[in-house]
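A.B. asks: Model the following, please.
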Amino acid sequence: MDRRLLLPLLALLLSMTLPPAFAGELSPGDSKALREDVQAMLDAFGRGDAELIIARTHPSLKRLAGGDEAYARMTRETVKELRKAGVTVISDDAGVPGRTYAADDEEVSFVPRQSLLRVRESPMRSTSFMVAVRRVGTTQWRFIDGAALLDNPALLRQLLPALEPGVTLPKGGMEAL
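C.D. replies: Predicted structure coming up:
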């Protein structure tokens, strides 16, 4: 084979095996599946089920926490402490996922989250989001709770350094009812 043809052919083969992440819209099916995944995470949190949260958390957050074991221990303790502190979830609803953003070989979407909580006897409304991340070409999402990013937006770049520039976080906050 002519060497001049070999290089373009090799480049084409590599580009097909390692697809780059592209920003864009989720298909209706992907959007529905992602919303259901987020809702399952929120429901697990409401039940105090730390295991699903641990299993579906993005690896970057686990690394930041000191590794899988440290993250698992902290998550279990946090869930217990919230119960002891009198925090109960009245409702926790996932909204419609937004567009996707490129992050090297991953894609990222922000999923709105609306929560009604009772902190001791006081009702509170929390508006936040989940950061959903998956490898391009796969269907399995991993998550980062966006509530911590509201006060520290720079943390997103620490967790996902390859995220395309110019991405702004959704707004959120907490209000007493």
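
A.B. asks: remind me, longest helix of the protein?
C.D. replies: helix 28-47 (DSSP state H).

A.B. asks: Quick one: residues in contact with it.
C.D. replies: 26, 50-53, 56, 79, 89, 92-97, 109, 111, 113, 115, 130, 132, 139, 141, 143 (CB atoms under 8 Å, 6 or more residues apart in numbering). The way it works is simple: take the backbone N, C-alpha and C, and place the C-beta from them, glycine included.

A.B. asks: and what of stretch 63-73?
C.D. replies: Ala50, Ile54, Thr57, Leu61, Lys62, Met74, Gln158, Leu159.

A.B. asks: Let me have the residues you listed in CSV, adding secondary structure and pLDDT as columns.
C.D. replies: Compiled in CSV, the contacts of stretch 63-73 are given as follows (DSSP: H, G, I helix; E, B strand; the rest coil; pLDDT from 0 to 100):
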residue, secondary structure, pLDDT
Ala50, helix, 95
Ile54, helix, 97
Thr57, strand, 97
Leu61, helix, 96
Lys62, helix, 97
Met74, helix, 96
Gln158, helix, 96
Leu159, helix, 97
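
A.B. asks: Quick one, which of those are buried?
C.D. replies: Ala50, Ile54, Thr57, Leu61, Lys62, Leu159 (16 or more other CB atoms under 10 Å).

A.B. asks: which ones are touching the fourth one?
C.D. replies: Contacts for Leu61 (CB under 8 Å, 6+ apart) come out as Tyr71, Ile144, Leu159.

A.B. asks: ok, these vs Arg125, which is closest?
C.D. replies: Comparing the contacts of Leu61 against Arg125 with CB to CB places Ile144 closest, at 21.5 Å.

A.B. asks: Apart from its neighbours in sequence, what residue is nearest the closest one?
C.D. replies: Among residues not flanking Ile144 along the chain, Val131 sits closest, at 4.1 Å (CB to CB, 6 or more residues apart in numbering).
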